[in-house]
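[1] Any chance you could fold what I've pasted below:
(chains A and B)
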Amino acid sequence: MPRTRSRNRTPVAPRPEAVFRPVPAIEIREPAKKVEQSPAVLSDAEILTRAQAGDHQAFAHLYSLHKRRIYSLCLRMVGNVAEAEDLAQEAFLQLHRKIATFRGDSAFSTWLHRLSINVVLMHLRKKGLPLTSLDEAMEPSFDDGPGRSFGAPDLSLTGSIDRLALERAVAALPAGYRLIFVLHDVEGFEHNEIAAMLDCSVGNSKSQLHKARLKLRDALRISLRQGGR
Amino acid sequence: MDHDPKSLSCREFQSQLPDLIGSGADLENHPHLQSCNLCRALLNDLETIAEAARQLFPIQQPKDTLWDRIESAIREEESSQPEAE
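    Numbers count the residues shown, from 1 in each chain, chains lettered A, B, ... in the order given. Down below sits the predicted model:
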């Protein structure tokens, strides 16, 4: 994965007068505030170029364009609003520091997405989430695994999953399981990408994902049994 | 160690699931599943969960105050940096 790069950012001269409020998300061609040489008339590439050159207004516009996706990503990964806000803030601060190093090897949104994931992972490591222990020997654990979750076919989940129940179940997963489940099943990363991000083996990524899904299955079956759909 | 897929126990079959799911293997016609309704139900559930996950967590809007915090932190960082030439 493309790790975030060095900090050889272009120095940005302090320009307090150039601090602008962000315009609403998405409506890049229709900004809420009309300003001189508004980015609204600029292409995405021009906005990015200006932001890389230290244009605060352009950076605010980038924020408006990407804030929902980045905040939502953080929220999925940590399952906590306050933490997600802190992490989204840190992700955009990192973006501000590193934006000049973006060279266009990938789409900007992809680059920012990876940068944000790295911010969250760093945070989880600092919190003591034992990501490295994900690489422990991959042994079938039937205390924790499929055998005990068996039941009659009438409790099959097929076609009966309630989105909110599943979201609650994901939020209740242990952090390591939730992380891999979100990265793979929600965000769509491949196991080799996750293994590189988390510094674990592909086999362990698969194993952890499997265990996460089994835990979700158990939780959803309990929910079904209790009629809490 | 090779196993005859037909003679796999549920435990053995399930221990292979992390590798089998998502591998593109034709699990539907796996010999063990031809005769084991419980493992078939398990597989169906896991695939259903994975499918449902793609619809999870709709995009959320952060609070408006988030930009204030970011802007404030940027200004603070910039004010602590030496003047650019």
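[2] Could I get the average pLDDT for stretch A:218-229?
    For stretch A:218-229, mean pLDDT rounds to 77.
[3] Buried residues, it. List them.
    Going by neighbour count (16 or more other C-beta atoms under 10 Å in any protein chain shown), the buried part of stretch A:218-229 is A:218, A:219, A:220, A:221, A:223, A:224. Backbone N, C-alpha and C define where each C-beta goes, glycine included.
[4] Now tabulate those in a markdown table and tack on secondary structure and distance to residue A:112.
    Shown next, in a markdown table, are the buried residues of stretch A:218-229 (DSSP: H, G, I helix; E, B strand; the rest coil; distance: C-beta to C-beta, whole Å):
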| residue | secondary structure | distance to residue A:112 |
| --- | --- | --- |
| A:218 | helix | 36 |
| A:219 | helix | 32 |
| A:220 | helix | 33 |
| A:221 | helix | 38 |
| A:223 | helix | 35 |
| A:224 | helix | 39 |
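[5] Kindly identify which of the residues you listed also come near chain B.
    Among the buried residues of stretch A:218-229, the residues that sit close to chain B (C-beta under 8 Å from any C-beta of the partner chain) are residue A:220.
[6] what number of residues lie near residue B:68?
    Look at residue B:68: counted by other C-beta atoms under 10 Å in any protein chain shown, it has 12 neighbours.
[7] out of everything not next to it in sequence, what's closest to residue B:57?
    Closest residue to residue B:57 apart from its sequence neighbours, by C-beta to C-beta, 6 or more residues apart in numbering or on different chains: residue A:76 at 4.9 Å.
[8] err, residue A:58, not the other one
    Using C-beta to C-beta, 6+ apart, the nearest residue to residue A:58 is residue A:50, at 3.6 Å.
[9] One more: residue A:113?
    Residue A:113 sits nearest to residue A:73 (C-beta to C-beta, 6+ apart), 6.8 Å away.
[10] Could you do residue A:180 as well?
    Nearest to residue A:180 is residue A:208, by C-beta to C-beta, 6+ apart, at 4.6 Å.
[11] The one you found: helix or strand, and which one exactly?
    Element membership of residue A:208 [criterion: DSSP states H and E] is helix A:202-225.
[12] hey, C-alpha coordinates of that helix in CSV?
    The C-alpha coordinates for helix A:202-225 follow below in CSV (Å, rounded to 0.1, in the frame of the first residue of the first chain):
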residue,chain,number,x,y,z
VAL,A,202,-2.8,-13.0,4.7
GLY,A,203,-3.8,-16.2,6.4
ASN,A,204,-4.4,-14.4,9.6
SER,A,205,-6.4,-11.7,7.9
LYS,A,206,-8.6,-14.5,6.5
SER,A,207,-8.8,-16.2,9.9
GLN,A,208,-9.8,-13.0,11.7
LEU,A,209,-12.4,-12.1,9.2
HIS,A,210,-13.9,-15.5,9.4
LYS,A,211,-14.0,-15.3,13.2
ALA,A,212,-15.6,-11.8,13.0
ARG,A,213,-18.3,-13.1,10.7
LEU,A,214,-18.9,-16.0,13.0
LYS,A,215,-19.3,-13.7,15.9
LEU,A,216,-21.7,-11.5,13.9
ARG,A,217,-23.7,-14.6,13.0
ASP,A,218,-24.0,-15.6,16.6
ALA,A,219,-25.1,-12.1,17.6
LEU,A,220,-27.7,-11.9,14.8
ARG,A,221,-29.1,-15.3,15.6
ILE,A,222,-29.5,-14.2,19.2
SER,A,223,-31.2,-11.1,18.0
LEU,A,224,-33.5,-13.2,15.8
ARG,A,225,-34.3,-15.6,18.6
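[13] Give the residue spans of chain B that score low on pLDDT.
    Applying pLDDT under 70 to chain B flags residues B:1-6, B:82-85.
[14] so where do the helices sit in it?
    Taking DSSP state H as the test, the helices found in chain B are B:10-20, B:31-35, B:37-53, B:65-79.
[15] for chain A, same thing?
    Remark: helices assigned in chain A by DSSP H are A:44-52, A:56-78, A:81-98, A:108-127, A:163-171, A:175-181, A:191-198, A:202-225.
[16] Which strands or helices does the fifth one pack on?
    Based on contacts counted as 3 or more C-beta pairs under 8 Å, 6 or more residues apart in numbering or on different chains; DSSP states H and E, the elements that helix A:163-171 packs against are helix A:175-181, helix A:202-225, helix B:37-53.
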